[in-house]
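Enquirer: after the sequence you'll find the predicted model.
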Number of protein chains: 2
Amino acid sequence: MSLLVVGSVALDTVETPFGRAVDALGGSATFFTAAASAFCSVQVVGVVGDDFPEEGIRFLESCDADLDGLIRVPGESFRWSGVYSYDLNTRETLDTRLGVFAEFKPHIPESYRSTEWVFLGNIDPELQLDVLSQIRKPRLIACDTMNFWIEGKRDVLLDLIGRVDLLMVNDSEARELSGDYNLSRAARWIQSRGPRYVIVKKGEHGAMLFTPSSVFFAPGYPLEEVFDPTGAGDAFAGGMMGYLAQTGRLEDADLRRAVVYGSAMGSFAVERFSVDRFRDLRTEDIEDRVRHFREMMVFELPIPAKVNV
Amino acid sequence: MSLLVVGSVALDTVETPFGRAVDALGGSATFFTAAASAFCSVQVVGVVGDDFPEEGIRFLESCDADLDGLIRVPGESFRWSGVYSYDLNTRETLDTRLGVFAEFKPHIPESYRSTEWVFLGNIDPELQLDVLSQIRKPRLIACDTMNFWIEGKRDVLLDLIGRVDLLMVNDSEARELSGDYNLSRAARWIQSRGPRYVIVKKGEHGAMLFTPSSVFFAPGYPLEEVFDPTGAGDAFAGGMMGYLAQTGRLEDADLRRAVVYGSAMGSFAVERFSVDRFRDLRTEDIEDRVRHFREMMVFELPIPAKVNV
């Protein structure tokens, strides 16, 4: 049940209506690892600069992550800063400094190359392809991307998408990628380009899983206090992939549960700044939240469902 | 299982990216009745002008509706015209002509006054209150409203809300009414003002039911073709109230199923212009769609849910 993530390990400066965090631990690989580590050990591929705080490394170590693929090079770590609107639904990027990430060429350690479960965090699709070329025969390759790459590197991205099993995008990305406003048609279009499974993330409105034979919805968790939305999507991915890697199965029923575990982990991510909510998250907290998801979604009919769950 | 609706019976001129309908049958009471009549007979309270087409009356009769409370008076019928954006998510009202609705004073026929189930469609809250004063002791009073009344008649509306059991609003209305951006807190605020149950409709993102003890989510149905969103909310209300009236129960499990039946009827409404989809809708179509909702929402856990369904 080896699970590999490649992505950013970064320092975020975030302002929300509730406060401000400066140079807080962030990045897609960090949030992913924080969430996935509740289910299994994670192999991290990434780069940090010589300014990266030891505390950040210690956090990843405390997640029992394998950091052989996380290299430290001279220069500045990847830094992102942004400010969220009053309603937390939109954010403005104030600054992005790639630092050592600008020259990053992922090198997959030999010990990672037989990994079974792979998550390609949102980085340049050329790097994502490069990672795939170094991995032997994974059971599931999942991939995230963003509008920046859809607009700037569409051909490379489509090449990549043809090689992955699961694409995770948000609703606006699904629409932009497919050129279709309708999310169901957009997902089917993406599936026609390669991925067997498509996840469409809709933020507070939840997530949709499209498989070849069915559609599944998980709602957004109705938190009364959302503190900082940063990292929710990567924590979702970490929860989903971690659950699948731990379970070792890929039936529709497993994928559905994995989406709910992902939704739960995404909902924890937004309760505090940075990865802080994961520092003291207990297994019971996760099980309670997943049970609550089920309670929010369950209804009975006299007629049986046709899907096998 | 008597079900009363008061609302508009109108003529809509609608333009969507897919075409245009002129003076098509519309109005909240019309869509409500079209949907609810799949479950039970509906008592209609409303007004039309002497220009109202016989075909419209015949449609309501074909729904087996009781039209003793639908009066015809000299003048023009209520007319609304609007145009939808390319993505169907926003619409612009081009014209609203109240016509005979401007002077409407609902009179509840004696044969309606012992009705058990009441839906107050989106009209002036003073008229909604007036209707309530004429009804004896219903089991469930549900009510819709809109931003126009929240802004213009807030005090009357709050008085009304204190007397209803179920408020159905969309997300922006819930936020505006409560002054709270967070939908969970907004719903709890509304409950604190009276209604035991709150439905928050989120259009393509589905609907949330808040009861005193739980939250339930139904997703929006992932239609690949949405033709005309007009009337979806009223068809939702009709499906929900019709199902409850037919069932005669108000347990959480019944309300959940009712929300799904409402969601199904809302999803049918948008497949054609006006009430056209209801003209040939079969019971099997409804059962198929409800079963599909279940298939989209179901997942199993080794741990049992705590709610009683």
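Expert: Yep, that arrived.

Enquirer: ok, now which ones touch whichever residue of the stretch 51-200 of chain A sits closest to chain B?
Expert: Nearest residue of the stretch 51-200 of chain A to chain B: A:Ser184, at 4.2 Å (CB to the nearest CB). All C-beta atoms are positioned from the backbone trio N, CA, C, and that covers glycine. Applying CB atoms under 8 Å, 6 or more residues apart in numbering or on different chains to A:Ser184 gives the contacts A:210, A:215, B:222-224.

Enquirer: going by neighbour count, which of the residues you listed are buried?
Expert: For these, a burial check counting by 16 or more other CB atoms under 10 Å in any protein chain shown picks out A:210, A:215, B:222-223.

Enquirer: mind giving me TSV with these and columns for pLDDT, distance to B:Val73 and secondary structure?
Expert: Below are these laid out as TSV (pLDDT from 0 to 100; distance: CB to CB, whole Å; DSSP: H, G, I helix; E, B strand; the rest coil):
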residue	pLDDT	distance to B:Val73	secondary structure
A:Phe210	98	52	strand
A:Val215	97	48	strand
B:Pro222	94	43	coil
B:Leu223	92	38	coil
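
Enquirer: now for the residues you listed, which pair is the farthest apart?
Expert: A:Phe210 and B:Leu223 (14.2 Å; CB to CB).

Enquirer: element containing the residue nearest the centre of chain A, please.
Expert: Centroid-nearest residue in chain A: A:Asp234, 2.7 Å away (criterion: CA atoms, centre = their mean). Using DSSP states H and E, A:Asp234 maps to helix A:232-247.

Enquirer: so which elements touch that helix?
Expert: strand A:3-6, helix A:28-36, strand A:117-120, strand A:140-144, strand A:166-170, strand A:197-201, helix A:252-269 (3 or more CB pairs under 8 Å, 6 or more residues apart in numbering or on different chains; DSSP states H and E).

Enquirer: same question for the second one, mean pLDDT?
Expert: So the one you mean is helix A:28-36. For helix A:28-36, the mean pLDDT works out to 98.

Enquirer: CA atoms only for that helix - export them in PDB, please.
Expert: This file holds the C-alpha atoms of helix A:28-36, laid out as PDB (Å, rounded to 0.1, in the frame of the first residue of the first chain):
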ATOM      1  CA  SER A  28      -0.100  20.500  -2.400                       C
ATOM      2  CA  ALA A  29       2.200  17.700  -1.300                       C
ATOM      3  CA  THR A  30       2.100  18.900   2.300                       C
ATOM      4  CA  PHE A  31      -1.700  19.000   2.600                       C
ATOM      5  CA  PHE A  32      -1.900  15.700   0.700                       C
ATOM      6  CA  THR A  33       0.500  14.100   3.000                       C
ATOM      7  CA  ALA A  34      -1.100  15.500   6.100                       C
ATOM      8  CA  ALA A  35      -4.500  14.000   5.100                       C
ATOM      9  CA  ALA A  36      -3.300  10.700   3.500                       C
END
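
Enquirer: tell me the angle of it relative to strand A:140-144?
Expert: Put simply, helix A:28-36 runs at 130 degrees to strand A:140-144, going by axes from the mean of the first three to the mean of the last three CA atoms, to 10 degrees.

Enquirer: contacts for helix A:28-36, please.
Expert: For helix A:28-36, contacts defined as CB under 8 Å, 6+ apart pick out A:3, A:5-10, A:42, A:44-46, A:56, A:59-60, A:63, A:65, A:119, A:121-123, A:144, A:231, A:234-239, A:241-242, A:245, A:262, A:265-266, A:268-269, A:275, A:278.

Enquirer: give me the buried subset of these.
Expert: Among the contacts of helix A:28-36, those classed as buried by 16+ other CB under 10 Å are A:3, A:5-10, A:42, A:44-46, A:56, A:59-60, A:63, A:65, A:119, A:121-123, A:144, A:231, A:234-239, A:241-242, A:245, A:262, A:265-266, A:268-269, A:275, A:278.

Enquirer: any residue of stretch A:76-90 touching chain B?
Expert: Yes. For stretch A:76-90, a contact with chain B is found by CB under 8 Å from any CB of the partner chain, at A:86-87.

Enquirer: alright, calling it a day.
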